[in-house]
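Novice: what follows is a predicted structure for the sequence shown.
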Amino acid sequence: MFRLLQPIRDRLGEPTVALAGFLARLLLYLWLATLLIRKLEELYLKQIQESTAGAVGRLFAAFTDRVAQHADVVTYDGFSVRIVSECFGLLEMAIFSAAVLAFATTWKKRAIGIAFGVPTIYAFNLARILMLLWVGRHANEYFEFIHVYFWQATLILVITSLWLVWIRFVVGDDTGVADETGRD
């Protein structure tokens, strides 16, 4: 099979073939992640919502006594937010993890990337919700813009930056050294 593809590989060149392989793996991992997210939300949505709301409530309580949390709702001095499935960053974690898994390096380095990136994205999402609570209470006229536009762009930058930091400091100079299966 691979001999049949060799003329195509020769014509395209190795960088193009490597990029095509990365993109194909990325799409596969994103599809699998979507299935996993659906299953997690089907089984544990309420628990994840409430635990995220609880974490936000406890973090915010370190700064003020005017915060309350009940189930999936956090209230700060009269302004409330409901934690929904988009709030805890499962999609962002899945996108990051798919990009790490699709990159041609060792499985050990991929595991380090996911172990570093997923908790960082979750913590970033907690900080995002904290800021949204503060903005909603103190600058409500900006809430919609901050929530819909600012944080969406910021999340893209965070995911991309984490991925590039992982490549730079964990994968290092061996990019492309591992074969596309990622074996050591």
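Specialist: Nice, thanks for sending it over.
Novice: buried sites along stretch 71-85?
Specialist: 72, 74, 75, 76, 79, 81, 83 (16 or more other Cβ atoms under 10 Å). All C-beta spots, glycine's among them, are computed from the backbone N, C-alpha and C.
Novice: can you add distance to residue 115 and give those residues back as TSV?
Specialist: Shown next, in TSV, are those (distance: Cβ to Cβ, whole Å):
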residue	distance to residue 115
72	27
74	28
75	34
76	32
79	35
81	29
83	24
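Novice: which of those fall within strands?
Specialist: Among the buried residues of stretch 71-85, the subset assigned to strands under DSSP state E consists of 74, 75, 76, 79, 81.
Novice: now for the residues you listed: which two are most distant?
Specialist: With Cβ to Cβ as the measure, no two of these lie farther apart than 74 and 79, at 9.3 Å.
Novice: what is in contact with the two at once?
Specialist: Both residue 74 and residue 79 are in contact with residue 133, where contact means Cβ atoms under 8 Å, 6 or more residues apart in numbering.
Novice: from residue 19, how far off is residue 111?
Specialist: Going from residue 111 to residue 19 by Cβ to Cβ, to the nearest Å gives 23 Å.
Novice: meant to ask about residue 134
Specialist: Going from residue 134 to residue 19 by Cβ to Cβ gives 42 Å.
Novice: neighbour count: the two, which is higher?
Specialist: The neighbour count for residue 134 versus residue 19, taken as other Cβ atoms under 10 Å, is higher for residue 134 (18 against 12).
Novice: hang on, the more buried one in a helix?
Specialist: Yes: under DSSP: H, G, I helix; E, B strand; the rest coil, residue 134 falls within a helix.
Novice: okay, helices next: where are they in the chain?
Specialist: 2-12, 14-61, 90-102, 107-138, 143-145, 151-166 (DSSP state H).
Novice: how about those, which one is nearest residue 173?
Specialist: helix 107-138 (12.1 Å).
Novice: which elements pack onto the closest one?
Specialist: helix 14-61, strand 73-76, strand 79-82, helix 90-102, helix 143-145, helix 151-166 (3 or more Cβ pairs under 8 Å, 6 or more residues apart in numbering; DSSP states H and E).
Novice: and stretch 106-123, average pLDDT?
Specialist: Averaged over stretch 106-123, pLDDT sits at 97.
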